[in-house]
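Enquirer: Just need the structure, nothing else, for what follows:
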Amino acid sequence: MTERAASILIVDDEDMVLSSLRGLFMLQTSYQVLEADDPREALEDLSRTRVDLVISDFLMPQMNGIEFLKEVKKVQPETIRVLLTGYADKENAIKAINDVGLYHYLEKPWDNEALLSIVRNGLKEKSLRKMLSEKVKELDSLTTRHEALERELEMAARVQKSMLPLSLPELDGYRFANLYQPSAEIGGDFFDLAEVSGGLVLLVSDVIGHGVQAALSTMLLKGVFREAVSLNDEPVALLDDMNRRLHAVLPTGMYAAAAAFVIRAGSEEIRFANAGLPYPFVLRKSGRLDEIVLSGPPLGLFASDVIPFESRTIVASSGDVLLVGSDGIGSIDDGSGALFEDQELRSVLAALAGHDGETVIRETMKRALAFGKQRPLPDDVNLVAVTRSGS
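Expert: All right, here's what the predicted structure looks like:
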């Protein structure tokens, strides 16, 4: 969605606010700006004219902003909804996030740059929702056309592969290695690395399920991650932001397990927060195996703040390897129901302590496939190893 194509509606009973916002958007954007000083008249307009985003004041004599945005949700459910509120109404605004499907709220007096950023991000998110919905409908319509579906799946696999990092970055004091092997043409596992000030943020995730819907959800996940990491480079804040966005847009019953790691150049500390992914391991050069126990709710399953995320700090010495991945490798079974995670995973990793990340991934996968008697993978395998180098 380009700025030129986007339309926004501003609803406020104060002429000064309408004038200020109108001037801001006229100077800084190419949006089509509509405005109303009466929420009832605005609802009549919305019954005839579609808009991409609505900005509403909270305190208005005809009806308050939450009541108005509830009606907007009924008339145009796909429209992004933003609330302007005073500090005293902050608690009501927070409650409205779930009741109204509120995208964001901003306290008065607002910061122009913050408001512009919220609007731009909201419009991008709306575009992602539309693309996801259209692609799902398109692929669903191909279920009766087997050959065409196969071609689509092959294309989707190429697109999904292109979303993964083309090459692993270099960072002072660290080396990265990875293995990504879907169990079918397309999968629901994903990882990405984003540059932040002084380092990188690593995201490893596993969308529930398999097939087209899970794969398309990873596309949405990448967009949400890239938007969120541009605003938050601490793991808890990042997962909070991603959870809020995904809870608003993922289909009912869909969610993503994930873990976020913040790695600074030259630092021995790695900060991370977990959102339902299996606990990561640290293979110490000394030969010790540490399992970093930290739980957290999957992304998109619950509304914000229902179960808070927590963070941990891993101290990595030279030669230590951080290994993080989805549950795919642990779910490999031996044919009798015994799982690799329960029977051999930890002993295999303990024996590999002291080796670099590339070796750890290669040998762990080799042992897991042997445990499973070389049968097809039951789930996607996604492993990322971070080796601490230097002194």
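Enquirer: How much space separates residue 348 from residue 283?
Expert: 10 Å (CB to CB, to the nearest Å). Every C-beta, even on glycine, is put in place using the N, C-alpha and C of the backbone.
Enquirer: more crowded one of those two?
Expert: residue 283 (26 against 18; other CB atoms under 10 Å).
Enquirer: who are the neighbours in contact with the more buried one?
Expert: By CB atoms under 8 Å, 6 or more residues apart in numbering, the residues touching residue 283 are 289, 320-321, 323, 349-350, 352-355, 360.
Enquirer: domains for the chain, by residue range?
Expert: Following automatic domain parsing, one finds the domains of the chain at 7-129, 152-388.
Enquirer: looking at these, which is closest to residue 137?
Expert: domain 152-388 (11.0 Å; CB to CB).
Enquirer: average pLDDT across the closest one?
Expert: On average, the pLDDT along domain 152-388 is 89.
Enquirer: repeat for stretch 47-63
Expert: 91.
Enquirer: what about it, distance to the chain center?
Expert: 28 Å (CA atoms, centre = their mean, to the nearest Å).
Enquirer: Make residue 1 into 9 and carry on from there
Expert: Sure, I'll start numbering at 9, so the last one becomes stretch 55-71.
Enquirer: if we can go back for a sec, among the contacts of residue 291, the buried ones, what's the PyMOL command?
Expert: If you want just the buried ones from those in PyMOL, going by 16 or more other CB atoms under 10 Å, the selection is:
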select buried, resi 297+328+329+331+357+360+361+362+363+368
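Enquirer: Put together JSON lines for the contacts of residue 291, with secondary structure and distance to residue 25 on each row.
Expert: Below are the contacts of residue 291 laid out as JSON lines (DSSP: H, G, I helix; E, B strand; the rest coil; distance: CB to CB, whole Å):
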{"residue": "297", "secondary structure": "strand", "distance to residue 25": "59"}
{"residue": "328", "secondary structure": "coil", "distance to residue 25": "55"}
{"residue": "329", "secondary structure": "strand", "distance to residue 25": "55"}
{"residue": "331", "secondary structure": "strand", "distance to residue 25": "53"}
{"residue": "357", "secondary structure": "helix", "distance to residue 25": "59"}
{"residue": "358", "secondary structure": "helix", "distance to residue 25": "63"}
{"residue": "360", "secondary structure": "helix", "distance to residue 25": "62"}
{"residue": "361", "secondary structure": "coil", "distance to residue 25": "62"}
{"residue": "362", "secondary structure": "coil", "distance to residue 25": "64"}
{"residue": "363", "secondary structure": "coil", "distance to residue 25": "62"}
{"residue": "368", "secondary structure": "helix", "distance to residue 25": "58"}
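Enquirer: any chance of the contacts of residue 291 in CSV, plus distance to residue 279?
Expert: CSV is the format used below for the contacts of residue 291 (distance: CB to CB, whole Å):
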residue, distance to residue 279
297, 21
328, 15
329, 17
331, 17
357, 22
358, 25
360, 25
361, 23
362, 25
363, 25
368, 22
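Enquirer: Give me the buried positions along stretch 309-322.
Expert: 309, 312, 317, 319, 322.
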